[in-house]
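Visitor: here you go, sequence then predicted model.
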Amino acid sequence: MAKIAFIGLGNMGGPMAANLCKAQHHVTAFDLSAPAVAAAVEKGAHRAASAAEAVKDAEIVVTMLPAGKHVREVYEKDVLPNVARGALLIDCSTIDVESARHVASAAKAKGFEMIDAPVSGGVRGATAGTLTFMVGGPEAAFAKARPILDKMGKNIVHAGESGSGQAAKICNNMILGISMLGVCEGFMLGKRLGLDAQKLFNVVSTASGSCWSLVNYCPVPGPVPTSPANRDYQAGFTAAMMLKDLLLAQQASAASGAATPMGAEAAQLFSLFVNAGNAAKDFSGIIKMIDGK
């Protein structure tokens, strides 16, 4: 089994690291949060006092960090100066494309293979090991990483060269944010027209308006028992994370000259929702704001 350093043990990274431990890999874990490290150790990981210490003897490094600035800092200050020659580097963070390509270039200059491999599937997918990985980087590095990603996910897609995983992720999540808003508006219109939510779901889920946001994550209580709407919008994917991804999409849109007016509107609406104190709520909870509550 591989010696893996796992840096970043938050809501997503923690269960991902646990699945690598479950697969009998030797996982050395680090996070700035002591409770997060303790939870990883309970799942079978080995504790590291720092990111630099975690990567010292690693054959593979996996990072799951909040933003591009954190990824740049960890790789430039901790990973690249300390990791063993020949190690494979896998960044699963969702960050801006520019930062992903910058770090991949720095890794290549030091002689390391690296991929960007952001994920989709939320905490539930991370825990169940059913995540979708969107991977950017050289074909050879992707092939080496595949057996490790398979222990954490179900759908592994090579999207192209470095940064392509991040590009695919922000496109996907922009579509998700826009579609969720459409579903929310449809149900609130139906409510005011006197339609029963279950009956509306029965129609739309089998008609041309059907989409993932409706069928798997319906924002009204009842029709989809596993959706956050049935547990007071306890997050599977927080509104703050959705806003982050929508803003990354807008940053990429501006840089590339792509017109994304609906993405821009979605970013503004989620910004209002988050700034009203709902950052930790599930992103589907924005239906309350659309309902005027």
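Guide: Structure's in. What do you need?
Visitor: residues touching residue 10, list them.
Guide: With contacts defined as C-beta atoms under 8 Å, 6 or more residues apart in numbering, residue 10 is in contact with 31, 33, 36, 64, 66. Every residue, glycine included, has its C-beta placed from N, CA and C.
Visitor: repeat for residue 8
Guide: 31, 63, 64, 65, 66, 93.
Visitor: for it, which non-adjacent residue is spatially closest?
Guide: Leaving out its chain neighbours, the residue that sits closest to residue 8 by C-beta to C-beta, 6 or more residues apart in numbering is residue 64, at 3.7 Å.
Visitor: against residue 90, how distant is that neighbour?
Guide: 9 Å (C-beta to C-beta, to the nearest Å).
Visitor: do residue 123 as well
Guide: Per C-beta to C-beta, residue 123 is found 20 Å from residue 90.
Visitor: residue 261 now?
Guide: On the measure of C-beta to C-beta, residue 261 and residue 90 end up 35 Å apart.
Visitor: can you tell me the centre-most residue of the chain?
Guide: Against the mean C-alpha coordinate of the chain, by C-alpha atoms, centre = their mean, the closest residue is residue 119 at 4.4 Å.
Visitor: quick one: contacts for it?
Guide: Taking C-beta under 8 Å, 6+ apart as the criterion, residue 119 is in contact with 12, 16, 92, 94, 125-126, 131-134, 152-153, 169.
Visitor: which member of the residues you listed is positioned nearest residue 228?
Guide: Sorting the contacts of residue 119 by distance to residue 228 puts residue 125 at the head of the list, at 13.8 Å, by C-beta to C-beta.
Visitor: which helix or which strand is home to that closest one?
Guide: Secondary structure here is read from DSSP states H and E; on that basis residue 125 sits in helix 122-128.
Visitor: can you tell me the SS state at the residue of the chain positioned farthest from its centre?
Guide: Of all residues in the chain, the one whose C-alpha sits farthest from the chain's mean C-alpha position, using C-alpha atoms, centre = their mean, is residue 194 at 36.9 Å. Secondary structure assignment for residue 194 (DSSP: H, G, I helix; E, B strand; the rest coil): coil.
Visitor: follow-up on the earlier one: of the contacts of residue 10, buried ones?
Guide: If you count burial by 16 or more other C-beta atoms under 10 Å, the buried members of the contacts of residue 10 come out as 31, 36, 64.
Visitor: how near is the second one to residue 93?
Guide: This means residue 36. With distances taken as C-beta to C-beta, residue 36 is found 15 Å from residue 93.
Visitor: strands of the stretch 101-250 of the chain, start to end?
Guide: Along the stretch 101-250 of the chain, the segments classed as strands by DSSP state E, counting those that start in this stretch run 113-116, 119-120, 131-136, 153-160.
Visitor: just name the most buried of the ones you listed.
Guide: strand 113-116 (a mean of 27; mean count of other C-beta atoms under 10 Å).
Visitor: what's in contact with it?
Guide: Outside strand 113-116, the residues within contact range by C-beta under 8 Å, 6+ apart are 88-91, 95, 100, 103-104, 107-108, 135-138, 140-142, 144-145, 162-166.
Visitor: for the residue farthest from the centre of the chain, give me the pLDDT.
Guide: According to the per-residue confidence, residue 194 scores 98 in pLDDT.
Visitor: ramachandran coordinates for it?
Guide: When quoted as degrees, to the nearest 10, the phi and psi of residue 194 stand at phi 80, psi 20.
Visitor: show me what contacts residue 72?
Guide: Counting by C-beta under 8 Å, 6+ apart, residue 72 touches 99, 102, 103.
Visitor: buried sites along the helix or strand containing it?
Guide: Secondary structure assignment for residue 72, by DSSP H and E: helix 68-74. In terms of neighbour count (16+ other C-beta under 10 Å), helix 68-74 has its buried residues at 68, 70, 71, 72, 74.
Visitor: excluding chain neighbours, what is closest to the first one?
Guide: This means residue 68. residue 99 (3.2 Å).
Visitor: ok, now which ones touch the one you found?
Guide: Shown here is residue 99, whose contacts under the criterion C-beta under 8 Å, 6+ apart are 68, 69, 71, 72.
Visitor: the helix holding residue 125 packs against which elements?
Guide: helix 13-22 (3 or more C-beta pairs under 8 Å, 6 or more residues apart in numbering; DSSP states H and E).
Visitor: what strands flank the following helix or strand past the helix it packs on, and is each parallel or antiparallel?
Guide: As assigned by DSSP H and E, the chain's next helix or strand after helix 13-22 is strand 26-30. Under the criterion DSSP bridges, strand 26-30 sits next to strand 3-7 (parallel), strand 46-47 (parallel) in its sheet.
Visitor: the longest one to helix 13-22, inter-axis angle?
Guide: Right, the one you point to is strand 3-7. If you take axes from the mean of the first three to the mean of the last three C-alpha atoms, to 10 degrees, strand 3-7 sits at 170 degrees to helix 13-22.
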